[in-house]
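# My questions concern the predicted model and sequence given below.
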Amino acid sequence: MSNTEPEKEYQVKPNNPKAENKEKPKEVTLSKIYSLASCKEKSLLYLSAFLSVINGAATPGLMYLWGDSTDTFSAENTPEETLDELRDYVIIFIIAGCASFVIFIFQVYGFKYVG
């Protein structure tokens, strides 16, 4: 007498019945998806979208200021006047850059949280 286990026979089905009856998933609109969102999630989504518009408008605004700052290098200004005007523009650029960075952080957090 041997202590070997009898071999198990496995049957491989050539066709998977679930695959044959598999239906195409239904398409869902964004309005249906966001109808399931809570009030907090919707408000965070709208706030993030608003912040992204502000952040997107910052670049053209900074380019406009950059163009104004190049006017300080005119021949009419003395070196002291040029430095005084440039200091003002440097402070504006630093504040605008920091504000844009903070807005970007909140924008990304909001979109990442919502979805």
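Ah, there it is. Numbers count the residues shown, from 1 in each chain.
# Quickly note the distance from Phe104 to Gly115.
Here Phe104 is placed at a distance of 18 Å from Gly115 (Cβ to Cβ, to the nearest Å). C-betas here are computed from N, CA, C, even on glycine.
# cool, and Phe106?
Phe106 is 16 Å from Gly115, where distance means Cβ to Cβ.
# same thing with Leu62?
The value you get for Leu62 to Gly115, if Cβ to Cβ is used, is 30 Å.
# So for these two, which sits in the more crowded spot?
Set side by side, Leu62 and Gly115 show more neighbours around Leu62, with 15 against 11, by other Cβ atoms under 10 Å.
# could you list every residue that touches the more buried one?
Residues in contact with Leu62 (Cβ atoms under 8 Å, 6 or more residues apart in numbering) are 93, 96-97.
# redo that, cut-off 10 Å
Each residue near Leu62 by Cβ atoms under 10 Å, 6 or more residues apart in numbering is listed here: 92-93, 96-97, 100.
# Repeat that for Ala96.
Shown in contact with Ala96 (Cβ under 10 Å, 6+ apart): 58, 61-62, 65.
# Let's see that with 7 Å instead.
For Ala96, the contacting residues are 58, 62, by Cβ atoms under 7 Å, 6 or more residues apart in numbering.
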